[in-house]
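1. Sharing a model prediction with you, sequence too.
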Amino acid sequence: MTVYDELVARGLIAQVTNEEEIKKMINEGKATFYIGFDPTADSLHVGHFMALCLMKRLQMAGNKPIALLGGGTGMIGDPSGRTDMRKMLTKEDIQHNIDCFKKQMSRFIDFSDGKALMVNNADWLLNLNYVELLREVGACFSVNNMLRAECYKQRMEKGLSFLEFNYMIMQSYDFYRLFQDYGCNMQFGGDDQWSNMLGGTELIRRKLGKDAHAMTITLLLNSEGKKMGKTVGGAVWLDPNKTSPFEFYQYWRNVSDADVLKCLRMLTFLPLEQIDEMDKWEGAKLNEAKDILAYELTELVHGKEEAEKAREASKALFAGGANSENVPSHTLSDEDFKDGKVDILQILVSSGLTTSRAEARRAVQQGGVSVNGEKISDPFTAYEKNVFAEEFLLKKGKKSFCKIEA
């Protein structure tokens, strides 16, 4: 099976501009391709995970990845998939986030000896002359065509700012510059980026008279059509300080039966033949498939040692064991205590196991909350600070744990 055929078989490819040409380049290891990452937070998250895995796969096949960090585009914010405007970041915030991204990307991509590049679009975008850009680039874009793009259409009702309207032009200009400066002949991105990517290929064609290519990656959606990588507490991050290896492991261990095989195909590096065998698994065997998924992905992001710890902690807890060493912990603040005590509802909210006291109350009343294996049925249950000197293992539902300290 060729590299391209495997990408298709894994369900990774959504749209391509010229399949025959792209297939040839990828299979022969002649693609110099880029994926853009706007530094909107201080960690990459599961939404970036599939792109990083794709870069790794293609690099292993001899192709050259360029990780484009959006030091310039991050100043504006991508409207794709958004119903509101992104928070404006300072230059200092963006630089800090870029530094964090660089460390995480190096776990997936080999940047040694020119095998891959890491480039920041601030190097050219922040120095652009506005009138020159309008003359040289703006003239190549049809406003009518831009307004038909999906990323803009969904924002028109609430109001699309002129700031965001420029995003497509900036992303297209990125591809134009990468094509000229680094010989980048392909752009990959999420399926919601299709319009922006076509803008880049068209700009290169109109300005340079040459062909460049674009391919979108299938968005990682669950069986209900919702983006994966979100929990009650927010995004599932690749930074262990934001989402612990145990929490990361548990997220994948708890995917639905309908999603486990798809995630194994799209995200892991296990042979397709092995995954196809799992298609026949049912019942308890599907739980084994989920464990394999969780372990493989945790090892990819956090390394073998952390994956082993997360697996052992999970097994111990769900078998009724007492090993909570690798379970995520939360330290209560002084503000959580009222008159020297903190109630169970506040602990649930403060730890992130619930998003509100109302949700916490329902969980207690429905019998879904326990402390050190003992069910809590009274929502007014409260604890003094000295209680937390001993182990205080909070559990909500069947799968959410947190070790509470004070």
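-> That came through fine.

2. Work out for me the element residue 34 sits within.
-> Here residue 34 sits within strand 32-37, counting by DSSP states H and E.

3. Also residue 395?
-> strand 393-396.

4. Which residues belonging to that strand are considered buried?
-> Neighbour counts over strand 393-396 (16 or more other Cβ atoms under 10 Å) mark 393-396 as buried. Using the backbone N, CA and C atoms, a C-beta is placed for each residue, glycine as well.

5. Read off the pLDDT value for the residue of the chain positioned farthest from its centre.
-> What lies farthest from the middle of the chain is residue 339; by Cα atoms, centre = their mean that is 41.3 Å. pLDDT, residue 339: 89.

6. ok, it to residue 15 distance?
-> Distance from residue 339 to residue 15, counting by Cβ to Cβ, to the nearest Å: 60 Å.

7. Please apply the same query to residue 364.
-> 48 Å.

8. before we move on, the earlier item: so which of the buried residues of strand 393-396 is the closest to residue 228?
-> residue 396 (20.9 Å; Cβ to Cβ).

9. Pull the contacting residues for that closest one.
-> By Cβ atoms under 8 Å, 6 or more residues apart in numbering, the residues touching residue 396 are 348, 353-354, 363, 368-369.

10. and residue 199, what element?
-> Residue 199 belongs to helix 194-208, assigned by DSSP H and E.

11. do residue 22 as well
-> Judged by DSSP H and E, residue 22 forms part of helix 19-27.

12. what does that helix rub up against?
-> Here helix 19-27 has contacts from 2-4, 7, 16, 30-31, 58, 61, 63, 185-186, 211, 213, 215, using Cβ under 8 Å, 6+ apart.

13. got a winner among those residues for most neighbours?
-> residue 186 (28 neighbours; other Cβ atoms under 10 Å).

14. May I see the buried residues of stretch 205-220?
-> 212-218, 220.

15. Could I get these in CSV, plus columns for pLDDT?
-> What follows is the buried residues of stretch 205-220, written out as CSV (pLDDT from 0 to 100):
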residue, pLDDT
212, 96
213, 97
214, 96
215, 95
216, 93
217, 92
218, 89
220, 86
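
16. Relative to residue 131, which of those is nearest.
-> Once Cβ to Cβ is applied, the member of the buried residues of stretch 205-220 that ends up nearest residue 131 is residue 212, at 26.2 Å.

17. Test my guess that that closest one contacts residue 202.
-> No. Taking contacts as Cβ atoms under 8 Å, residue 212 lies outside contact range of residue 202: 9.3 Å.

18. need the buried residues of strand 393-396 in TSV with distance to residue 106 and pLDDT, can you?
-> Shown next, in TSV, are these (distance: Cβ to Cβ, whole Å; pLDDT from 0 to 100):
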residue	distance to residue 106	pLDDT
393	35	87
394	35	90
395	36	87
396	36	88
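
19. between the residues you listed, which is nearest residue 89?
-> Residue 89 has its nearest neighbour among the buried residues of strand 393-396 in residue 396, at 33.6 Å by Cβ to Cβ.

20. So in terms of bridging, what pairs with that closest one?
-> Beta-bridge pairing for residue 396 (DSSP bridges): residue 369, residue 400.

21. Quick one: classify residue 219 as helix, strand or coil.
-> For residue 219, the assignment made with DSSP: H, G, I helix; E, B strand; the rest coil gives coil.

22. Excluding chain neighbours, what is closest to it?
-> Ranked by Cβ to Cβ, 6 or more residues apart in numbering and with sequence neighbours excluded, the top spatial neighbour of residue 219 is residue 191, at 5.1 Å.

23. Wait, the one you found touches residue 214, no?
-> No. With contact defined as Cβ under 8 Å, residue 191 does not reach residue 214; the gap is 11.2 Å.

24. Give me the common contacts of these two.
-> What both residue 191 and residue 214 touch, as defined by Cβ under 8 Å, 6+ apart, is the set residue 15.

25. For the helix or strand residue 285 falls within, list every residue counted as buried.
-> Element membership for residue 285 (DSSP H and E) is helix 284-302. For helix 284-302, the buried set under the neighbour-count rule, 16+ other Cβ under 10 Å, comprises 286, 289-302.

26. Fine by me, thanks again.
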